[in-house]
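Enquirer: got a structure for you, letters missing:
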C-alpha cells in the first residue's frame, strides 16, 4: 500500500478545495444567469400560473394537471402579453352572428382567479352606455386576443371606471394596434380619472386607489360623517403574514414554473407540432 507524506496530503487538500471553490463559483454564475433570463414581471403577465392565495387549495397534483392543461391550450391560441390598463380586442365565436364571430374592444380593468378559472374583464362605452364583458382566458370559444395598446396603470384594479366619466372608458372599435419596442420597459399611464357625482357603486374614497383624482373632496358630507361606521379593514395593510400569503410569491416557485414552460416549448418545437412561443415579455426582450 502506497504511503503519502504530509506534503502530498496538503497539496491534495488544496487541489480539492480549489476544485470545490471553482464548482461553487460556476454554480453561482449559472444560477445568476438563470435568474437574469427570467421574466421580471412574471406575476403580472402570467398571474394564472401562480399558486392559489388560499393555502388550503394548494394541492401539488391539482396544480400540475392545471399547468399541463393551460400550456396545451396556449399552444392552440396565441395569448399575448397584457396588463390591467392595456387596451385589448377579443374575438369569440358567436353562433347568433352572421359572421359567426363577435369582436369586442375595451380596456382591461381586472384580472382575477388562479389557474384555468382565470378571468379578465374589458370595459368600453358604446352609445353612452358602459359595457363590461368578463372573459375566461382559457375558454375554447375565444378565437383571438389582440393587444392594441400595451401599457400599465397606477392601480391593478380599475373597477372604479364604472363611476368615472365616460371619456376614460371610450375606445374606438377600429383602433389600430400600437407596436411596443422590444426591450423597453412597459409605459405606465399616470392618468388620474375624475369620478361622477355620488352616489357611487362603492365607497371609493375609503380605498387607497392612486388613479382617482381626489375622491374624498367629491364625497358628500353625509358619507363623510359615516366614515367611522364603515366596515373598511384598513389595518390589513399592516398584516405582514396576510400580505405575504396574498401577494408575495417565492422567486423559487416562479423560476421553477418558467423553467417548466421553457421545457414544454422546446419539446413541442422539437416534435414540429408548433413554433408558437409561450413565454413572452416585451420589456425583457423575450
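Expert: Right, received. Where do you want to start? Here the structure is a predicted model, which is why all the values come from computation and not from measurement. Residues are numbered from 1 along each chain as shown.
Enquirer: which residues of the protein fall in strands?
Expert: 87-93, 101-112, 119-126, 129-136, 142-149, 152-153, 188-189 (DSSP state E).
Enquirer: now the third one, how far from the chain's geometric center?
Expert: Taking C-alpha atoms, centre = their mean, to the nearest Å, the mean C-alpha location of strand 119-126 is offset from the chain mean by 17 Å.
Enquirer: the last one now?
Expert: Chain-centre distance of strand 188-189: 16 Å, with C-alpha atoms, centre = their mean.
Enquirer: partner strands of it, parallel or antiparallel?
Expert: strand 152-153 (parallel) (DSSP bridges).
Enquirer: and the helices in this protein?
Expert: Secondary structure of the chain (DSSP state H): helices at 6-36, 42-45, 60-74, 215-218, 221-225, 240-246, 251-271.
Enquirer: dump the residue contacts of the residue most central in space within the chain.
Expert: The centroid of the chain falls nearest to residue 44 when counting by C-alpha atoms, centre = their mean (2.3 Å). If you count contacts by C-beta atoms under 8 Å, 6 or more residues apart in numbering, residue 44 has them with 83, 156. All C-beta atoms are positioned from the backbone trio N, CA, C, and that covers glycine.
Enquirer: bridging residues for the nearest residue to residue 112 once chain neighbours are set aside?
Expert: Ranked by C-beta to C-beta, 6 or more residues apart in numbering and with sequence neighbours excluded, the top spatial neighbour of residue 112 is residue 119, at 5.6 Å. For residue 119, the beta-bridge partners under DSSP bridges are residue 112, residue 136.
Enquirer: if I pick residue 119, what's in contact with it?
Expert: So residue 119 contacts 110-113, 134-137 (C-beta under 8 Å, 6+ apart).
Enquirer: and it, what's its pLDDT?
Expert: Note for residue 119: predicted pLDDT of 96.
Enquirer: so how far is residue 181 from the nearest residue to residue 85 once chain neighbours are set aside?
Expert: Leaving aside its chain neighbours, residue 85 sits nearest to residue 153 (3.3 Å; criterion: C-beta to C-beta, 6+ apart). Applying C-beta to C-beta, to the nearest Å, the value for residue 153 to residue 181 is 20 Å.
Enquirer: of those two, who's got more company?
Expert: Neighbour totals were compared for residue 153 and residue 181, and residue 153 leads with 22 against 9 (other C-beta atoms under 10 Å).
Enquirer: got the contact list for the more buried one?
Expert: Here residue 153 is in contact with 83-85, 188-189, 191, 211 (C-beta under 8 Å, 6+ apart).
Enquirer: highest neighbour count among the residues you listed?
Expert: Counting neighbours by other C-beta under 10 Å, residue 85 leads the contacts of residue 153 with 23 neighbours.
Enquirer: pretty sure that residue sits against residue 190.
Expert: No: counting by C-beta atoms under 8 Å, residue 85 sits too far from residue 190 to count as a contact (10.6 Å).
Enquirer: contacts only, for residue 107.
Expert: Going by C-beta under 8 Å, 6+ apart, residue 107 touches 85-88, 122-124, 158, 161, 169, 171.
Enquirer: sorry, slip of the keys, the one I care about is residue 277.
Expert: Applying C-beta under 8 Å, 6+ apart, the residues contacting residue 277 are residue 265.
Enquirer: any idea how far it lies from residue 80?
Expert: Separation of residue 277 from residue 80 (C-beta to C-beta) stands at 11 Å.
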